[in-house]
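J.: Return a 3D structure for these sequence lines:
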Amino acid sequence: MKLGHDLKMVESGWRPLWVFDFPMFEWDAEAKRWVAMHHPFTSPRDPDAAALRAAPAAALANAYDMVLNGSEIGGGSVRIHSQEMQSTVFELLGINAQEAQKKFGFLLDALKFGAPPHGGIAFGLDRLAMLMAGADSIREVIAFPKTQTAADPLTDAPTEVSEAQLRELHVRVRVPPPT
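T.: Prediction:
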């Protein structure tokens, strides 16, 4: 929004747009590996696994966002539906076959059965309501907003948990020693 104002490109009225052509990956110099820009289940625009392996930096994700007047109001992607492509993406992300099977075996097994192409989008209706109301923050249009510390003023959450509840869940609280 700042850039739009600085360049005098902001116009009044409703200005929706779709954003796409997101990179599939970005390089994490510290970890020395690729990381998924969206998530590791987003399909690449080009369905060729060999092309993806050859040029991961050039790969575009089959992902999209909807923006209205500079605020993202929705986003989603088409998911990977090929076991070969999912394995290629995991490989590029540094997730070996054993780790992938342990973490996502249910998904990899399901892909063997021929999952159809599928995707989705999640709309942020609270952000849309904020724009329609002319508010500056979604906190102004959410009935019971959380604070910046994730506290809920309506229910006074989070609250202390009783010892009985902790025992029932087999949870132990350990207080760090004073420094």
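J.: Helices of this protein, start to end?
T.: 2-6, 49-54, 83-92, 97-111, 125-133, 163-168 (DSSP state H).
J.: I would like the residues contacting the second one, please.
T.: Residues outside helix 49-54 that contact it (C-beta atoms under 8 Å, 6 or more residues apart in numbering): 24, 44, 46, 59, 82, 84-85, 88-89, 91-92. Where you see a C-beta, it was placed from the backbone N, CA and C, and this is true even at glycine.
J.: Pull up the pairing partners for the longest strand seen in the chain, direction included.
T.: Among the segments of the chain that qualify as a strand by DSSP state E, the longest is strand 71-78. If you go by DSSP bridges, strand 71-78 pairs up with strand 63-68 (antiparallel), strand 119-123 (antiparallel).
J.: highest average neighbour count across those?
T.: strand 63-68 (a mean of 18; mean count of other C-beta atoms under 10 Å).
J.: picking that back up, wait, which of the strands paired with strand 71-78 is closest to Leu131?
T.: strand 63-68 (5.9 Å; C-beta to C-beta).
J.: now the angle between helix 125-133 and the longest strand of the chain, please.
T.: For strand 71-78 against helix 125-133, the angle between stretch directions is 150 degrees (axes from the mean of the first three to the mean of the last three C-alpha atoms, to 10 degrees).
J.: Now find how far off-centre strand 71-78 is within its chain.
T.: The chain centre lies 9 Å from the centre of strand 71-78; the measure is C-alpha atoms, centre = their mean, to the nearest Å.
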